[in-house]
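Participant: Quick one: sequence plus predicted model below, questions after.
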Amino acid sequence: MAEKCRLFVYDSLLAGEPEHPALCGADPVGEADTEPGFRLVELGARGALVRDGTGAVRGELYLVDRKTLAELDVGREVPILFQRARIRLADGSEAQTYLMHLDQVRGKRRLPQGQWRARFAPRSSRAAPGPFVAWSRGRFSKT
């Protein structure tokens, strides 16, 4: 049996996402969160995990063999675009994941909720209108 390592995925490699078939031989372990201190950034079709911020990022954990890991490294352009590094998870265990440097994601949209699948969710609920809005809406109404 080939040696397997724990891999934390957080973006297009998640179950149901476009790049998930790249994990075809991996054994799913379950959902996991990083320890606080990370941020998830949207790069279009992919996301990037950076060591910045105070939040935790939600993802999935897989047991991946070395061959699959090498194929993922090529797809993620390690070490040119992403770096594969060991991180600590919220439960105190460690796993490998793909990171980017903060300088590489400047100007890109941060996902404050730390969840890839929530990137299309409304950003926040709208607050009740203030007195000026109420006055301006009623200003031209015919009563």
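Facilitator: On my side now, so go ahead. Fair warning: this is a prediction, and the values are worked out from it, not measured in the lab. Numbering: from 1, shown residues only.

Participant: Tell me which stretches of this structure form helices.
Facilitator: Under the criterion DSSP state H, the chain contains helices at 66-75, 131-138.

Participant: quick one: which of those helices has the weakest pLDDT on average?
Facilitator: Among the helices of the chain, helix 131-138 carries the lowest mean pLDDT, at a mean of 81.

Participant: which residues of the protein score low on pLDDT?
Facilitator: Under the criterion pLDDT under 70, the flagged ranges of the chain are 1-2, 122-127, 142-143.

Participant: now the strands: where do they sit in it?
Facilitator: 4-9, 27-33, 38-42, 47-55, 58-65, 83-88, 94-99, 109-111 (DSSP state E).

Participant: could you redo those as JSON lines and give each row distance to residue 74 and mean neighbour count?
Facilitator: From N, CA and C alone the C-beta is placed, and that goes for glycine too. Converted to JSON lines, the strands of the chain look like this (distance: least, CB to CB, whole Å; neighbours: other CB atoms under 10 Å):
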{"stretch": "strand 4-9", "distance to residue 74": "15", "mean neighbour count": "21"}
{"stretch": "strand 27-33", "distance to residue 74": "21", "mean neighbour count": "14"}
{"stretch": "strand 38-42", "distance to residue 74": "22", "mean neighbour count": "22"}
{"stretch": "strand 47-55", "distance to residue 74": "17", "mean neighbour count": "18"}
{"stretch": "strand 58-65", "distance to residue 74": "14", "mean neighbour count": "21"}
{"stretch": "strand 83-88", "distance to residue 74": "11", "mean neighbour count": "14"}
{"stretch": "strand 94-99", "distance to residue 74": "12", "mean neighbour count": "20"}
{"stretch": "strand 109-111", "distance to residue 74": "26", "mean neighbour count": "16"}
